[in-house]
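Engineer: only the shape, not the letters, is given here:
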């Protein structure tokens, strides 16, 4: 009699007692070709030892589950929980419905199939005590993806202690800011002297004090432990600057050298968010505020770095100090190492991608500063688009950038500057865009008025390329220069959309349906007669990433969400607008980040610079199970779009 392989998920995390319980409640189930599981047999967890099970819903193919005879790995058996209900995946429309009858999955053998049938009640009892098993078998996709994330970071671990150590980075990044040692709050009035501020810094052992502005001094009635947020910050560097300006510290007011454009962080925000803010704005201290808006402490850069042992800030410093292309190339290589290390440590792909976006933006900024005079920077706005603009690009794939120029400003060398910029980026490993969506293309290097006029044309025209161009600018994100130019472009996007044909969004959304459905992808792996599955790769971008990204983008246009470029922020806004439920939005984001993580894994393990193709049979049974479910999420989302926009089936 075949036995369960306790080295494979979801059984490899069981205790000895749990394994014994599973053994006692497992039996063999044999199915002939075309035989289906009976309704009363839908109370078990099944492991496919040999053969193939086809899962369907209402007569429509959903997925296949294969035994080890279809894999080069004899221990790579698929498994499925026949009790899992499909309504967690499929919603008939963008708005929830309550009158849709519940359908159950059907399971049929495509060939003679041998199954191990594990009692569902036994599995439930173990799940109640073992959270890892509970996560892997959860009906909720985010929970199962979390289990996969933990397993990836534990891939090389041999004992529970190693597992815990490898999870540490991820756990720390998700901790609230209040978990870090915070510096005490010391506040001086803006009309205090620099000498008084320096004396307080020395006594407190700090390199800064917070400063209460002159216009608020008379209105303040709290203690230093509970102060309103209207504050500035004065550092020892500011005092040194005053001395170098030959100012008398005893007579010079703090007001003159204080920075009142204060960045803050909430005590409940994640440490990863604080790190991202420090890196993006090149600051070393963040006042921390509580739920009442009161300052409860100051988060120092050195304290945070000591807490998390993280190195992205060091890369940021390397970029800032770069003086030529060679030194910038060194920093870019460090970004690549950072990505690999974070992925291996199990850090969520969303956290990695957003930090990489910040570091890449600093690379682009530094390169632009090395090429052009300050005058050009002041009168232009450099933006990135596509996945880089959305903060969803991790590998160095093709460039998507543009230059918005202030009206009436000209410089004879702008075209040459653009050429140098794009060429140098290619030298640094950011390939040129095949579609020529770069500032070397005059269409993407224009003054504000013709640039916005061009956008209006894209909304009115049915040329398919115009939808591509519009998608690019919708994903536009600021890099450096005059950010108000991008703000005006976004304002014009809203105006142009409101003036466009109401049918525009319907046609725009159609692109999300242009690639094959999930069943078409997975039917590639139906076994050949007498042999193993056809070896054919799935295109991660076409099958998963693009339909999700573009569908979310289309909904964002319809509901006037045009001021944020990332899929994550668009989903958040769509939830606030009551277009999607929070659960649905979370599921869509989790599926998107799963495909992004798979793409990164391909990039790190192969020489494929596009990192788009993956063969599901090279994945573990757990990864394959999640892959199928994420593709099912894509399918259900496409069905939502199809019904919402009344599009015919592609």
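Structural biologist: Structure received. Small disclaimer: the values here were computed from a predicted structure and weren't measured.
Engineer: what mean pLDDT does the helix or strand containing residue 602 get?
Structural biologist: Assigned by DSSP states H and E, residue 602 belongs to helix 582-605. The average pLDDT within helix 582-605 is 90.
Engineer: which elements pack onto it?
Structural biologist: Contacts defined by 3 or more CB pairs under 8 Å, 6 or more residues apart in numbering; DSSP states H and E place helix 582-605 against helix 141-153, helix 325-344, helix 349-371, helix 540, helix 546-558, helix 567-576, strand 613-614, helix 621-644. Glycine gets a C-beta too; all of them are placed from N, C-alpha and C.
Engineer: give me the low-pLDDT residue ranges for the stretch 51-200 of the chain?
Structural biologist: Where the stretch 51-200 of the chain drops to pLDDT under 70, the residues are 72-75, 87-102, 152-172.
Engineer: and the helices in it?
Structural biologist: Assigned helices in the stretch 51-200 of the chain, in chain order: 120-129, 131-136, 141-153, 160-173, 194-204 (criterion: DSSP state H, counting those that start in this stretch).
Engineer: okay, buried residues for the second one please.
Structural biologist: Neighbour counts using 16 or more other CB atoms under 10 Å place 132, 133, 134, 135, 136 of helix 131-136 among the buried residues.
Engineer: closest one of those to residue 623?
Structural biologist: Nearest to residue 623 out of the buried residues of helix 131-136 is residue 136 (CB to CB; 11.5 Å).
Engineer: count of residues packed around the residue nearest to the closest one when sequence neighbours are not counted?
Structural biologist: Counting by CB to CB, 6 or more residues apart in numbering, residue 136 lies nearest to residue 10, which is 4.1 Å off, once chain neighbours are set aside. Look at residue 10: counted by other CB atoms under 10 Å, it has 26 neighbours.
Engineer: who's in contact with residue 10?
Structural biologist: Shown in contact with residue 10 (CB atoms under 8 Å, 6 or more residues apart in numbering): 79, 132, 133, 136, 137, 622.
Engineer: so the first one touches residue 46, yeah?
Structural biologist: In other words, residue 79. Yes - under the criterion of CB atoms under 8 Å, residue 79 makes contact with residue 46 at 6.4 Å.
Engineer: what do these two both touch?
Structural biologist: Counting by CB under 8 Å, 6+ apart, the common neighbours of residue 79 and residue 46 are residue 65.
Engineer: please, where are all the strands along the stretch 351-500 of the chain?
Structural biologist: Ranges of strands within the stretch 351-500 of the chain are 380-384, 401-405, 445-447, 477-481, based on DSSP state E, counting those that start in this stretch.
Engineer: of these, which is nearest residue 242?
Structural biologist: strand 477-481 (28.6 Å).
Engineer: what's in contact with the closest one?
Structural biologist: 357, 361, 364-365, 368-369, 377-385, 388-391, 401, 486, 565.
Engineer: quick one: it to chain centroid distance?
Structural biologist: Put simply, strand 477-481 sits 20 Å off its chain's centre (CA atoms, centre = their mean, to the nearest Å).
Engineer: quick one on the thing from earlier: which one of the helices of the stretch 51-200 of the chain lies closest to residue 583?
Structural biologist: Closest to residue 583 of the helices of the stretch 51-200 of the chain is helix 141-153 (CB to CB; 8.9 Å).
Engineer: and the closest one, which residues are buried?
Structural biologist: For helix 141-153, a neighbour-count test (16+ other CB under 10 Å) marks 141, 142, 144, 145, 146, 147, 148, 149, 150, 151, 152, 153 as buried.
Engineer: the closest residue to the fourth one other than its chain neighbours: what's it in contact with?
Structural biologist: What that stands for is residue 145. Using CB to CB, 6+ apart and skipping residues adjacent in sequence, the residue nearest residue 145 is residue 590, 5.2 Å away. Applying CB under 8 Å, 6+ apart to residue 590 gives the contacts 141, 142, 145, 630.
Engineer: okay, among those residues, which ones form the most distant pair?
Structural biologist: Farthest-apart pair in the contacts of residue 590 is 142 and 630; separation 11.1 Å (CB to CB).
Engineer: check what pLDDT residue 225 gets.
Structural biologist: 41.
Engineer: OK, contacts around residue 421?
Structural biologist: By CB under 8 Å, 6+ apart, residue 421 lies in contact with 367, 368, 371, 401, 439.
Engineer: and for residue 103, the neighbour number?
Structural biologist: The burial count for residue 103: 12, using other CB under 10 Å.
Engineer: how much space between residue 498 and residue 505?
Structural biologist: Computed as CB to CB, to the nearest Å, the residue 498 to residue 505 distance reads 12 Å.
Engineer: who's more crowded, the two?
Structural biologist: Using other CB under 10 Å as the criterion, residue 498 and residue 505 rank with residue 505 on top: 20 against 9.
Engineer: okay, and that one sits in which element?
Structural biologist: Residue 505 belongs to helix 504-509 when assigned by DSSP H and E.
Engineer: rounded mean pLDDT for that helix, please.
Structural biologist: 90.
Engineer: which helices and strands sit right next to that helix?
Structural biologist: Contacts defined by 3+ CB pairs under 8 Å, 6+ apart place helix 504-509 against helix 464-474, helix 546-558.
Engineer: quick one: contacts of the last one?
Structural biologist: When contacts are taken as CB under 8 Å, 6+ apart, the neighbours of helix 546-558 outside the stretch itself are 94, 387, 390, 392, 471, 474-475, 497, 505, 508-509, 511-513, 515, 561-562, 564, 567, 570-571, 573-574, 579-580, 588, 591-592, 595, 634, 637-638, 640-641, 645.
Engineer: show me which of those are buried.
Structural biologist: Those of these that meet the buried threshold are 94, 387, 390, 392, 471, 474-475, 497, 505, 508-509, 511-513, 515, 561-562, 564, 567, 570-571, 573-574, 579-580, 588, 591-592, 595, 634, 637-638, 640-641, 645, by 16+ other CB under 10 Å.
Engineer: the stretch 201-350 of the chain: strands as residue ranges?
Structural biologist: Ranges of strands in the stretch 201-350 of the chain, per DSSP E, counting those that start in this stretch, are 208-212, 232-235, 265-266, 285-289, 295-300.
Engineer: so residue 395 touches residue 599, yeah?
Structural biologist: Yes - judged on CB under 8 Å, residue 395 makes contact with residue 599 at a distance of 7.5 Å.
Engineer: these two: who's more crowded?
Structural biologist: Neighbours were counted for residue 395 and for residue 599 using other CB under 10 Å; residue 599 has more, 25 against 20.
Engineer: how much space between the residue nearest in space to the middle of the chain and residue 392?
Structural biologist: Nearest to the mean C-alpha position of the chain, by CA atoms, centre = their mean, lies residue 350 at 2.7 Å. Residue 350 sits 9 Å away from residue 392, taking CB to CB as the criterion.
Engineer: and residue 515, what does it touch?
Structural biologist: 539, 542, 543, 546, 547.
Engineer: go with 6 Å
Structural biologist: The contact partners of residue 515, taken as CB atoms under 6 Å, 6 or more residues apart in numbering, are residue 542.
Engineer: same check, this time on residue 301
Structural biologist: By CB under 6 Å, 6+ apart, the contact list for residue 301 reads 278, 284.
Engineer: same question for residue 51.
Structural biologist: Listed by CB under 6 Å, 6+ apart, the contact partners of residue 51 are 67, 111, 112, 113.
Engineer: highest neighbour count among these?
Structural biologist: When these are compared by neighbour count (other CB under 10 Å), residue 113 ends up highest, at 25 neighbours.
Engineer: tally of neighbours for residue 123?
Structural biologist: When neighbours are counted by other CB under 10 Å, residue 123 registers 21.
Engineer: to clarify, my last question referred to residue 276.
Structural biologist: Counted by other CB under 10 Å, the residues lying close to residue 276 total 19.
Engineer: can you list contacts of the helix holding residue 505?
Structural biologist: By CB under 6 Å, 6+ apart, helix 504-509 touches 467, 554, 557, 558, 641, 645.
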